[in-house]
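Colleague: sequence and predicted structure below; questions after.
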Amino acid sequence: MNRGPTAAALGLAAATLAACTVGPNYRPPVIDSPPAYAEATSTARTAVSGADADLSAWWTQFDDPLLTGLIERALAGSPTLASAQSKVREARLQEIVAGASEYPKVSAAANAVRLAPPGDVQLPIPSPLNLYSVGFDASWEVDLFGGTRRSVEAAKADTQGSLWTLRDGEVQLAAEVANAYLTLREVQARIVIGEAELARQRGLFTIIAQRRQTGFVTSLDVNQQSTAVETAAAQLPQLEAQASAQIHALGVLIGQPPEALARELSAGPATIPPPPPNLPVGLPSQLLLRRPDIRAAERRLAAANAQIGVHTAELYPKVDLIGLASLASTSVGSLFSTNNFSSALLALGSETLFDAGRTRAQIGEAREERTQALLAWRNTVLGALRDVEDALARYRSEEERRGHLVQSVIAARSTLAIAEDQYRTGFITFINVLGAQDALLNAQDQLAQSDASVASDIVAVYKALGGGWSTAPPPARRDDDQ
């Protein structure tokens, strides 16, 4: 029987109906953004501009090779990023699964049967009888109304969303490593200040003890200076513990044991990297394209929109095409002869007549999920704009505070020098020297903390701008992955 025209007609009908895709087509959301950042004003040391720049490796702007190396090692070895990379690969496999429904499913089977009746039974066929057969069948659910295409669309959006989530993880990790490193350098700088102050206090104690032996000062001066020495010494153990904690944190961030960086970071320079001379923040409109979390939220919205079409297609009829073909023979040699070939083509249609409102409820549920995704996207955008404004405001105010602290250190150092000279000549008591010492130590300590805060605020700006993600695809799964 010739079934060619029937198959052609069904294929043409399927192709015509496949052009119909139900559900809303996706349109990217829009939101009004300000023309510029309100807090983007230059400071005493850094020019803040609206120019756009490549922030993919913003940490190099600090000109600190050790910081750069730590961030690069973290991006390459972090277990958190490895998990996010696995999720991207998983999403790509789910995309293949969703797309497989667009194609026919073909299977094959082969059989060999030998019939050998008992000797006292006579059959009107050769005995024994060998029967060989090979069969093929193909089934295809025609995507008449685009349910499968919408499913593929959703899967692709989910894959892209997973990729942007990975890139957002890179942004978060780079900032976290930088903050831990800057905190370490801040604490180490404070330790240097504390050790220098302790050495100075001990030297002064020696001078006062000698003056006490000659009768120029009383035991009260000796006791007061001894208290100052012990107070200075008491500050160091706590700072050293804080430094160790930051070293441990950095070790874990790069995917190593906590103590892995102890020797490397303990021997490093106890200086805080200065801020870069330029801070190009770009425009708020560019933030929508740069921030990975905004891009991930937009992709989640696209996936939710496609799911409406997936459920809407359930309201319409379904058509399944089934093709059967077989070869059968009593001889292997003639099995593949055209005389032994038979085929059939079936078209089966079905439609749900009653499901107690389940499908329409699923459509309504999908629409609500799209609404929630849209609101989440808008909230992410507004939060990103706020992050930038807050980071710029903190940076500007801390730079101003630092300027005052610089002058405070200069004044405190001069005051202490005058107080020590006057004490040696007997014009003032030692209590005045102690007050000047405390003022200088406090001013130096606050300046060190402010230097670190300025650097951390710049890191916060880069993070808020969405800098630090790579355009490279996630690595493929290795054979030795567990």
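Modeller: Yes, it's here.

Colleague: specify the local secondary structure of the residue nearest in space to the middle of the chain.
Modeller: For the chain, the residue nearest the mean C-alpha position is residue 169 (1.3 Å; CA atoms, centre = their mean). Put simply, residue 169 is helix when judged by DSSP: H, G, I helix; E, B strand; the rest coil.

Colleague: shaky segments in this structure?
Modeller: Scanning the chain for pLDDT under 70 picks out 1-19, 115-129, 268, 477-482.

Colleague: all helices of it, in order?
Modeller: Counting by DSSP state H, one finds helices in the chain at the ranges 4-17, 65-77, 79-100, 147-213, 219-253, 262-266, 284-290, 292-312, 358-424, 430-464.

Colleague: need the residues that contact the lengthiest strand in the chain.
Modeller: Selection of the longest strand in the chain by residue count, based on DSSP state E, yields strand 129-142. For strand 129-142, contacts defined as CB atoms under 8 Å, 6 or more residues apart in numbering pick out 14, 17-18, 101, 103-116, 148, 318-332, 335-336. To be clear about C-beta, it is placed using only N, CA and C from the backbone, and glycine gets the same treatment.

Colleague: now do stretch 372-391
Modeller: Applying CB under 8 Å, 6+ apart, the contact partners of stretch 372-391 are 29, 31, 33-34, 37-39, 281, 284, 287-288, 291, 293-294, 297-298, 300-301, 303-305, 457, 460-461, 463-466.

Colleague: ok, of the residues you listed, which come out buried?
Modeller: By neighbour count, with 16 or more other CB atoms under 10 Å, those hold 33, 37, 39, 281, 284, 287-288, 291, 293-294, 297-298, 300-301, 303-305, 457, 460-461, 463-466 as buried.

Colleague: keeping just the C-alphas, turn stretch 287-297 into CSV.
Modeller: Extracted in CSV, the C-alpha atoms of stretch 287-297 (Å, rounded to 0.1, in the frame of the first residue of the first chain):
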residue,chain,number,x,y,z
LEU,A,287,24.5,49.6,35.2
LEU,A,288,21.6,47.5,33.9
LEU,A,289,24.0,45.8,31.4
ARG,A,290,27.0,45.5,33.7
ARG,A,291,25.4,44.1,37.0
PRO,A,292,25.2,40.3,36.7
ASP,A,293,22.4,40.1,39.3
ILE,A,294,20.2,42.4,37.2
ARG,A,295,20.9,40.3,34.1
ALA,A,296,20.1,37.1,36.0
ALA,A,297,16.8,38.6,37.2
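
Colleague: list of residues touching it?
Modeller: Residues outside stretch 287-297 that contact it (CB under 8 Å, 6+ apart) are 31, 33, 55, 161, 164-165, 167-168, 170-171, 282, 373, 376-377, 380-381, 384-385, 388, 465-467, 469.

Colleague: what about residue 230, neighbour count?
Modeller: 11 (other CB atoms under 10 Å).

Colleague: residue 233 too?
Modeller: By other CB under 10 Å, 15 other residues sit near residue 233.

Colleague: for residue 423, see how far away the nearest residue to it once chain neighbours are set aside is.
Modeller: Leaving out its chain neighbours, the residue that sits closest to residue 233 by CB to CB, 6 or more residues apart in numbering is residue 198, at 5.6 Å. Using CB to CB, to the nearest Å, we find residue 198 at a distance of 20 Å from residue 423.

Colleague: also residue 210?
Modeller: As judged by CB to CB, residue 210 and residue 423 stand 14 Å apart.

Colleague: these two: who's more crowded?
Modeller: It is residue 423, of residue 210 and residue 423, that has more neighbours when counted by other CB under 10 Å, with 22 against 11.

Colleague: tell me how far the more buried one lies from residue 437.
Modeller: As judged by CB to CB, residue 423 and residue 437 stand 11 Å apart.

Colleague: give me the neighbour count for the nearest residue to residue 166 once chain neighbours are set aside.
Modeller: Distances taken as CB to CB, 6+ apart place residue 84 nearest to residue 166, at 4.1 Å, with adjacent residues excluded. Using other CB under 10 Å, residue 84 is surrounded by 20 other residues.

Colleague: then residue 191?
Modeller: Using other CB under 10 Å, residue 191 has 18 neighbouring residues.

Colleague: contact partners of stretch 188-206?
Modeller: If you take CB under 8 Å, 6+ apart as the criterion, stretch 188-206 is touched by 222, 225-226, 228-229, 232-233, 235-236, 239-240, 243, 268, 270-272, 437, 441, 444-445, 448-449, 451-452.

Colleague: now a PyMOL select for only the buried ones of the residues you listed.
Modeller: In PyMOL, this line selects whichever of the contacts of stretch 188-206 come out buried by 16+ other CB under 10 Å:
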select buried, resi 222+225+226+228+229+232+235+239+243+270+272+437+441+444+445+448+449+451+452
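
Colleague: quick one, what contacts residue 413?
Modeller: With contact set as CB under 8 Å, 6+ apart, residue 413 has these partners: residue 440.

Colleague: if you could redo that for residue 277, that was the one I meant.
Modeller: By CB under 8 Å, 6+ apart, the contact set of residue 277 is 45, 46, 47.

Colleague: now do the contacts for the last one.
Modeller: When you say that, I think you mean residue 47. By CB under 8 Å, 6+ apart, the residues touching residue 47 are 277, 278, 279.

Colleague: ditto for the second one
Modeller: By CB under 8 Å, 6+ apart, the residues touching residue 46 are 275, 276, 277, 278, 279, 399, 458.

Colleague: would you check how far apart the residue nearest to residue 166 and residue 295 are?
Modeller: 14 Å.

Colleague: residue 421 now?
Modeller: Distance of residue 421 to residue 295, given as CB to CB: 64 Å.
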